[in-house]
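Enquirer: sequence and predicted model, in that order:
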Amino acid sequence: QVQLVESGGGLVQPGGSLRLSCAASGHIFRINTMGWYRQAPGKQRELVAAITRIGSTNYADSVKGRFTISRDNAKNAVYLQMNSLKPEDTAVYYCNADVFAEGSGWYSDYWGQGTQVTVSS
């Protein structure tokens, strides 16, 4: 069984910063791409940022230059540093990972439970 656990969400004023963390645990052989998605009320879940095992990154246009994704392969962890936050960044943020679990045979998609980020004055 593989679990992803996020932390670091909260309430922040516009222009402020937050750092999200996500750690994968369980019988993990290897993790390929890890990423962050978000879902605002009444909207579809969207990709915020993703990072491959070797460090190649991809960002949504709306967060380029403000957010930075990073990972620690030794810890099976991914991070999202969010700067210059705007009210429109308010959403539930979900961690996602493409995991090859031990004994599974191939990669499967896993999600965290989500962490709320609210940007408001």
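Expert: Cool, got the structure.

Enquirer: nearest residue to the middle of the protein?
Expert: The centroid of the chain falls nearest to W36 when counting by Cα atoms, centre = their mean (2.7 Å).

Enquirer: you'd agree that residue is up against L20?
Expert: Yes. At 6.7 Å, W36 and L20 qualify as touching, with contact defined as Cβ atoms under 8 Å. All C-beta spots, glycine's among them, are computed from the backbone N, C-alpha and C.

Enquirer: what do these two both touch?
Expert: 80, 93, 95 (Cβ atoms under 8 Å, 6 or more residues apart in numbering).

Enquirer: give me the mean pLDDT for stretch 91-101.
Expert: For stretch 91-101, the mean pLDDT works out to 96.

Enquirer: stretch 16-32 now?
Expert: Here the average pLDDT along stretch 16-32 is 96.

Enquirer: likewise for stretch 50-59?
Expert: Throughout stretch 50-59, pLDDT has a mean value of 97.

Enquirer: quick check: buried residues in that stretch?
Expert: Neighbour-count burial for stretch 50-59 flags 50-51, 59 (criterion: 16 or more other Cβ atoms under 10 Å).

Enquirer: narrow the residues you listed to those in strands?
Expert: Those of these mapping onto strands are 50-51, 59, per DSSP state E.

Enquirer: which of those lies closest to E88?
Expert: Y59 (15.4 Å; Cβ to Cβ).

Enquirer: just checking, the closest one touches A49?
Expert: Yes. Using Cβ under 8 Å, Y59 is in contact with A49, at 4.8 Å.

Enquirer: quick check: neighbours shared by the two?
Expert: Common neighbours of Y59 and A49 (Cβ under 8 Å, 6+ apart) are 67, 69.

Enquirer: helix, strand, or coil at the residue located most distally from the centre of the chain?
Expert: Distance from the C-alpha centroid of the chain peaks at G103, with 25.4 Å (Cα atoms, centre = their mean). Following DSSP: H, G, I helix; E, B strand; the rest coil, G103 is assigned to coil.

Enquirer: contacts only, for it.
Expert: So G103 contacts H27 (Cβ under 8 Å, 6+ apart).

Enquirer: try the one 5 residues further on
Expert: Neighbour list for S108: 2, 98-101 [criterion: Cβ under 8 Å, 6+ apart].
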